[in-house]
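Novice: Take a look and give me a structure for this.
(one chain, ligands or ions: 1)
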Amino acid sequence: MNRLERLRFPVEQSCGRIYPEPSHPYRSEFQRDRDRVIHSRAFRRLENKTQVFPAGVSDHFRNRLTHTIEVSQIARTVAAALGLNEDLTEALALAHDIGHPPFAHAGEEELDRQMRRFGDRFDHNLHALRIVESFEHRYVRFPGLNLTFEVREGIVKHSHDFEPGENPALDQYLPGLRPPLEAQLIDLADEIAYNTADLDDGFSAGLFNSEEVCQWVPEFGRRLEEVESQFPGASEREQFQEVLRGLVDWLVSGLVQGTVEAAEAASATSVDGVRAYPGRLVCFTPPTQSTNRALKQFLHHSVYYSEAMVEARRRTAAQIGELFEFWVAHPEKLPEHHVKLLPGSPVHRVVCDYIAGMTDGYFERCFQQTDWRTK
Ligand code: MG
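Specialist: So this is what the prediction gives:
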């Protein structure tokens, strides 16, 4: 297979850190960034944040930390197969969800809804940037984690390109240019990880059976037929797992192959060429692309919009909205550290940042313990 070493982002070409630091004797700058992310509080909080299924339903379902580890493993495999920079890829994969609020997309949507009332927005990638630039306090000499430019750029761009003038706060992150391949691949590694993991957890939760997946995802059906004839005595669960493993491998291979083909078709010969190219070069082959899309449609129908999940989301979104509105009306009830931020920031922003940083468990404790009497 053709590898893409020529498009690898070389660590020596990093634009560096906001606060200059001496280099480390044996760790590269991107390895140091990876370590800083792992040692951050925001990273540890991922353990108690919902991925899809709420905590407490089963100890076998993914939470946002185990999801992040799966993304990191898939992303590094792809980076290694393509000859890209594994250290940069790993740092970005580990950081890709640290800006997620409690209760997954229900939390994100409700925070965004609340912020829009004030003409503002909530976006988990922008929140992740604020975490690594400001909210983490691990160093005496600077706020945040002082990560390299490429990791900060990848955090805001891995799933979304933006144009000049679109968001003035991001003007330093090369608007109008694509991020390096190491950042581009995070988005699709994320999709492979969550599509297959949600299929696994949804099956375990009894939301559907193998037959239903086959109706929506023909590739799953083809593979199930093969596995059934190969292991006729195996249980439905064992056969399902065999199919799922093969599917992950096939999707990852399709991502590697699709990217090699796209880079060749675009005649990309350097990182600058990747940046200047009008579209993203990391992509699936056509068959893996259509299976990835079919998986997503099936999961929307059978998992994300199942009655139980919709009801759980509605409940948690309502609670987040209630606490948000209470603190905006009574900012004096916020913890002291957040009250101190108020002269410098609008109250909706302080409340949003506070809630966005919470784990599911901490939010629930706050919701139970909040003194509502002044309402
Ligand atoms: Mg993710």
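Novice: Can you report how many residues lie near residue 83?
Specialist: Number of residues near residue 83 (other CB atoms under 10 Å) recorded here: 17. C-beta: built from backbone N, CA, C; applies to glycine.
Novice: got it, and residue 127?
Specialist: Neighbours of residue 127 (other CB under 10 Å): 22.
Novice: same question, residue 28
Specialist: 17.
Novice: Next up, the contacts around the residue nearest to the spatial centre of the chain.
Specialist: Centroid-nearest residue in the chain: residue 97, 3.7 Å away (criterion: CA atoms, centre = their mean). Residues near residue 97 by CB atoms under 8 Å, 6 or more residues apart in numbering: 46, 64, 67, 68, 71, 124, 128.
Novice: can you rerun that using 10 Å?
Specialist: By CB atoms under 10 Å, 6 or more residues apart in numbering, the residues touching residue 97 are 42-43, 46, 49, 51, 64-65, 67-68, 71, 104, 124-125, 128, 190.
Novice: again with residue 163
Specialist: For residue 163, counting by CB under 10 Å, 6+ apart, the contacting residues are 175, 176, 177.
Novice: Derive a PyMOL selection command for the buried subset of the residues you listed.
Specialist: Buried residues within the contacts of residue 163, by 16 or more other CB atoms under 10 Å, are selected in PyMOL with:
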select buried, resi 175+177
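Novice: want to try TSV for the contacts of residue 163, with distance to residue 361 as columns?
Specialist: As requested, those are arranged in TSV below (distance: CB to CB, whole Å):
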residue	distance to residue 361
175	38
176	41
177	40
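Novice: if you skip the residues just before and after it, what's nearest to residue 302?
Specialist: Spatial nearest neighbour of residue 302, excluding adjacent residues (CB to CB, 6 or more residues apart in numbering): residue 208 at 4.7 Å.
Novice: coming back round to it: what secondary structure does the residue nearest to the centre of the chain sit in?
Specialist: State at residue 97, reduced to three classes by DSSP: H, G, I helix; E, B strand; the rest coil: coil.
Novice: Same check on residue 278?
Specialist: Residue 278 ends up coil, using three-state DSSP.
Novice: the helices in the stretch 151-300 of the chain, which residues?
Specialist: Taking DSSP state H, counting those that start in this stretch as the criterion, the stretch 151-300 of the chain carries its helices at 181-204, 210-216, 218-230, 236-265, 271-276, 286-299.
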